[in-house]
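# Sharing a model that was predicted from the sequence below.
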Amino acid sequence: MRATENTLSRRLALLAASALLAASPRAWAQAPWKPTKPVDLVVHTGPGGGSDVLARSIAVMLEKEKLLTVRVQVINKTGGNSAVAAAYLSEKRGDTHTIGLFTSVWIATPLTSAEAKVAVRDLTPVARLMLEPAVFAVRADSPFKTMRDFIEAARANPGKLKQSGGSLTSRDSIMRQALQQHTATKWAYVSFQGGGERVAALLGGHVDMMVIEPQEAGEHIRAGKMRVLAQIAEKPLSGYPGVPTLKEAGYDVTVPPQMRGVLAPPATPREVLAFWEDLFAKLHATPSWQKYMLDNQLEEGFLTGPEFPKAIDKVENELRTQYQQAGVKTVR
Amino acid sequence: MDVFNGLMQGFAVALSPGALALCFVGVLLGTVVGVLPGLGPPATIAMLLPLTFKMEPTGAMIMLAGIYYGAKYGGSTTSILLNVPGESASVVTCLDGYQMARKGRAGAALGISAIASFIAGSFGVVALMLVAPPLAKLSLAFSSPEYFALMVLGLAMVVLLAGESLTKALLSMLVGLWIASMGTDLFSATSRFTFGQTSLLGGIDFVVVAIGLFAVGEVMANMESSEPAQMLPLPKGLRNLMPTWQDMKDCRFAFVNGSVIGFLIGVLPGAGSTIASFLSYGVEKAVSRHPEKFGTGVIEGVAAPEGANNAETGGALVPLLTLGIPGSGTTAILLAALVLWGFKPGPLFIEESPAMFWGLVASMYIGNVMLLILNLPLVGVFAQLLKLPGYAMYPLILGVSMIGVYTASGSVFDLGLLCVFGLVGYAMRRLHFPTGPMVLGLVLGDAMEKALRQSLMMSQGDLAILWQRPIPAALLAIAGILLVVPLFKKFNAVRVQVIDQEG
């Protein structure tokens, strides 16, 4: 392991040296930056959480595809619904060997908690890696066969039907808010801390519906325990042929897309930012990445450059509107 | 496939030299991270995850699971010797374990915790193997009203943890409940008692509170005495280091209690090993013939929770392997590992991947035997630690506490909290407030509040949901009995006193 690293770095050094000899001093001054020591990848979840697992998978893929010559170590900065991780990244101002993985939670939390002082735009956006689709699921023995069945039942019994989900600021909750508004119906929303508890509540018959990740729902569908009514995705998912998107089901509601991406600390030098952008663009093109996306039923959403910050702003504005309509207090 | 064939197939997998070696590596690593406060199984497994991509998945799973249940063996070591819980599930072990050590019975405490771990751990594996699918249904039948009743039952046990003054115990518990409410509220996304601190948005980790109250508070209380601190007595000879036959007899019920309660609580995705250990301690005290001695170093008070947190591992694997539902941080990362290796954990997992399931079950039998053989000789080694004089021992405890807290969170803020709770623990000792109820309030309070609010959201505000379902009704009734019985006893004692005085 160490030996190969050594030969590799020696080879790189040789390469660099020969490039040096060939190039003019001016070109040498512009030699691309690259990391020289292990890179810290900050995540806001503990070991086993969504971002943590993605971060460790990225570390493995970067090594396997030989895209990075230094090690990537995952740093778990949990707490405060991502506020602690965002604050940590913000303190690393100008640090060239620290980057972070963010999710839409990083955008949502500063909107609703005064204590979360670092917004995503205070950091340096690098790349959006993916969009996360979701599906509306009910138990297999549920009377609801279509999205319309559920909505009409909710209309007939206001507040009687129940949905399990995460916190009030999560996508599940916003989805419900938007649908309720669009259809002038109402049903209850029960928050659970862990994803496992949400699924258990649905399968145990304690709630009627939930919004769930396609990959997770897949196994319960195969076992004949769950049925999917509609999918929330920009483009229909390959794993769910025949399942309508919300729009196809007749409910044209827009919800801010759930994203995952990479951020760098504030005041990241431009050549360093260029390196990270390029690295993730290369990673995105590898077969390992494509397989990961397919296995986990994730939606293509790679975005970098000037469009990416705009996309973040758009999500932030949409979230703010949704929260205000849902009666969640916003602080920014 | 029937159980016997499955198990034979499993042993064929688990007895191969490669699998045996990985199993040993797993349980050894588990014991080490269990002994070290702060470093827990989830972090260790996460760190090793990238390595496992190059390994054969069944072997890798055997190793990772070994870390998971191995850590439960090691967790009691620092609880008993230093009053510093090595894992969250070993917090309650401090109560009687450390007192045993102070009485010179550290060896017996360490020994019984290894033996209880072995018995309950093996019970957990047997139960996982025999009753996993039907029990998966039970785990689904449990929802918020049931959890609420379970937590009420747990809190009712405060009465049992009370010691001399019930008032002081209740006050201590209320402070625990208050601390539990700190952080971001799940239901409304509002911050509660965060005092403008980003670091408090996620609430306060109860391990920090427990280490502060138990370990730091204890060190400070010991330092104030003017006479030089006494060395803890340590009996000579390996024979005297082991639990006696009488100890084993005293723990008969604790073994059963820890096994059954640990496994059943483990099956529930919303509970976890910490709650399992507290509940089994409470039950042990409730049925004991000498409940007043709990907290002064009774061996059942170590055996029951240490057994429970091991049986919990088998239980926690039930929803994970039969439903694909993780109930804790560690099982969540095991689930992630299975997905990354290309397995499909879910209701069809056992049917489709019998080699993995049965190999894992068989390896857990082997792993538990390895752990017993590994841990019993370590008792003698660890017990030597108590020979250290006070001027070495107390700094060691403080150092281990600080390293433990910092490794767990990497946060300097938490070190500050550790100091604060150390002072609180010292003050509570001086004022004769029991610290156990505060930790219990903190552990159960958070889960209880969530369960209550979820229940009310389900019933649209109708409280009847809490007693109209059979399981919560039964649990609440038991809690009611637990609360009323001591009142009668107390009333009786007062009456006897009055009669004596009048007579």
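Here it is on my side, so go on.

# so how far is residue A:162 from the residue in the stretch 401-503 of chain B positioned nearest to chain A?
Using C-beta to the nearest C-beta, residue B:457 is the residue of the stretch 401-503 of chain B that sits closest to chain A, at 4.6 Å. To be clear about C-beta, it is placed using only N, CA and C from the backbone, and glycine gets the same treatment. In this view, residue B:457 and residue A:162 are 8 Å apart by C-beta to C-beta, to the nearest Å.

# host element of the closest residue to chain B within the stretch 151-300 of chain A?
The stretch 151-300 of chain A approaches chain B most closely through residue A:219 (2.7 Å), counting by C-beta to the nearest C-beta. Using DSSP states H and E, residue A:219 maps to helix A:214-222.

# Let me see the ranges of the strands in chain B.
Using DSSP state E, the strands assigned to chain B run over residues B:183-184, B:191-192.

# Compute the mean per-residue pLDDT across stretch A:144-163, please.
Taken as a whole, stretch A:144-163 has an average pLDDT of 93.

# Check stretch B:45-53 too.
Computed over stretch B:45-53, the average pLDDT equals 83.

# Equivalent analysis for stretch B:258-271, please.
So the average pLDDT for stretch B:258-271 ends up being 88.

# Now do that stretch: distance to the chain's middle.
On the basis of C-alpha atoms, centre = their mean, to the nearest Å, stretch B:258-271 sits 11 Å off its chain's mean C-alpha point.

# That one near chain A at all?
Yes - counting by C-beta under 8 Å from any C-beta of the partner chain, chain A is contacted by stretch B:258-271 at B:269, B:270.

# need the contact list for residue A:292.
Going by C-beta atoms under 8 Å, 6 or more residues apart in numbering or on different chains, residue A:292 touches A:57, A:61, A:298.

# let's see 7 Å
residue A:57 (C-beta atoms under 7 Å, 6 or more residues apart in numbering or on different chains).

# do the same with residue A:140
A:224, A:225, A:226, A:227.

# Same check on residue B:142?
Counted by C-beta under 7 Å, 6+ apart, residue B:142 has contacts residue B:268.

# can you check the one 3 residues further on too?
Neighbour list for residue B:145: B:455, B:465, B:466, B:469, B:472 [criterion: C-beta under 7 Å, 6+ apart].

# the helices in the stretch 101-250 of chain A, which residues?
Secondary structure of the stretch 101-250 of chain A (DSSP state H, counting those that start in this stretch): helices at A:104-112, A:147-156, A:171-183, A:195-203, A:214-222.

# returning to what we had before: can you say which of the strands of chain B is nearest to residue B:214?
Smallest distance to residue B:214 across the strands of chain B (C-beta to C-beta): 22.2 Å, for strand B:183-184.

# quick one: strands adjacent to that closest one?
Next to strand B:183-184 in the sheet, as set by DSSP bridges, lie strand B:191-192 (antiparallel).

# and the partner strand, how far from the chain's centre?
28 Å.

# before we move on, back to that, from the contacts of residue A:140, keep the buried residues only.
Neighbour-count burial (16 or more other C-beta atoms under 10 Å in any protein chain shown) is assigned, among the contacts of residue A:140, to A:225, A:226, A:227.

# Flag the shaky bits of the stretch 1-150 of chain B, pLDDT-wise.
B:1 (pLDDT under 70).

# Contacts for stretch B:424-436 next, please.
So stretch B:424-436 is contacted by B:95, B:161-163, B:168-169, B:171-172, B:212-214, B:216-217, B:220-221 (C-beta under 7 Å, 6+ apart).

# burial count for the closest residue to residue B:402 other than its chain neighbours?
Excluding the flanking residues, the one nearest residue B:402 by C-beta to C-beta, 6 or more residues apart in numbering or on different chains is residue B:415, at 6.1 Å. With neighbours defined by other C-beta atoms under 10 Å in any protein chain shown, the count for residue B:415 comes to 15.

# Repeat that for residue A:150.
For residue A:150, using other C-beta under 10 Å, the count is 25.

# got the contact list for the residue nearest to it when sequence neighbours are not counted?
Once flanking residues are discounted, residue A:150 sits nearest to residue A:144: 4.4 Å by C-beta to C-beta, 6+ apart. Counting by C-beta under 7 Å, 6+ apart, residue A:144 makes contact with A:138, A:150, A:153, A:229.

# try 8 Å
Taking C-beta under 8 Å, 6+ apart, we find residue A:144 in contact with A:138, A:150, A:153, A:208, A:209, A:229.

# Contacts only, for the second one.
Neighbour list for residue A:150: A:136, A:138, A:144, A:161, A:208, A:209, A:229 [criterion: C-beta under 8 Å, 6+ apart].

# Mind listing the residues bridging to the first one?
With beta bridges defined as DSSP bridges, residue A:136 has these partners: residue A:211, residue A:230.

# Okay, now the unreliable bits of chain A?
In chain A (pLDDT under 70), the answer is A:1-30.

# per the record, what domains does it have?
Split into domains by automatic domain parsing, chain A comes to A:34-131+A:258-326, A:134-232.

# what does stretch A:55-68 rub up against?
So stretch A:55-68 is in contact with A:35, A:39, A:41, A:43, A:71-74, A:101, A:279, A:282-283, A:286, A:288-289, A:292, B:46, B:49-50, B:53, B:340, going by C-beta under 8 Å, 6+ apart.

# What's the PyMOL syntax to select whichever of those residues are buried?
The buried residues among these can be selected in PyMOL (16+ other C-beta under 10 Å) with this line:
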select buried, (chain A and resi 35+39+41+43+72+74+101+279+283+286+288+289+292) or (chain B and resi 46+49+50+53+340)
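
# Just the ones of the contacts of stretch A:55-68 in strands?
A:39, A:41, A:43, A:72, A:73, A:74, A:101.

# if I read this right, residue A:332 contacts residue A:118, doesn't it?
No - between residue A:332 and residue A:118 there is no contact under C-beta atoms under 8 Å: 11.2 Å.

# Give me the more crowded residue out of the two.
In this view residue A:332 and residue A:118 are compared by other C-beta under 10 Å, and residue A:118 has more residues nearby, 22 against 12.

# which residues touch the more buried one?
By C-beta under 8 Å, 6+ apart, the contact set of residue A:118 is A:83, A:86, A:87, A:89, A:90, A:110.

# do the same with residue A:281
Residue A:281 neighbours (C-beta under 8 Å, 6+ apart): A:127, A:302, A:304.

# which among the contacts of residue A:118 are in contact with chain B?
Near chain B, by the rule C-beta under 8 Å from any C-beta, you find A:83, A:87 out of the contacts of residue A:118.

# any chance of the contacts of residue A:118 in JSON lines, plus neighbour count and secondary structure?
Formatted as JSON lines, the contacts of residue A:118 follow (neighbours: other C-beta atoms under 10 Å in any protein chain shown; DSSP: H, G, I helix; E, B strand; the rest coil):
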{"residue": "A:83", "neighbour count": "26", "secondary structure": "helix"}
{"residue": "A:86", "neighbour count": "29", "secondary structure": "helix"}
{"residue": "A:87", "neighbour count": "20", "secondary structure": "helix"}
{"residue": "A:89", "neighbour count": "29", "secondary structure": "helix"}
{"residue": "A:90", "neighbour count": "17", "secondary structure": "helix"}
{"residue": "A:110", "neighbour count": "24", "secondary structure": "helix"}
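
# ok, now how distant is residue A:36 from residue A:201?
Where residue A:201 is concerned, residue A:36 sits at a distance of 49 Å (C-beta to C-beta).

# Is residue B:125 in contact with residue B:361, as I believe?
Yes - proximity of residue B:125 to residue B:361 meets the contact threshold set by C-beta under 8 Å, at 6.2 Å.

# picking that back up, near chain B, list only the ones from the ones in strands among the contacts of stretch A:55-68.
Checking the ones in strands among the contacts of stretch A:55-68 against chain B (C-beta under 8 Å from any C-beta), the matches are residue A:74.

# Show me which of residue A:36 and residue A:201 is the more surrounded one.
When residue A:36 and residue A:201 are compared for neighbours, residue A:201 comes out ahead with 27 against 11, by other C-beta under 10 Å.

# Get me the contact residues on the stretch 151-300 of chain B for chain A.
So the stretch 151-300 of chain B meets chain A at B:183-184, B:186-191, B:194, B:196-203, B:269-270 (C-beta under 8 Å from any C-beta).
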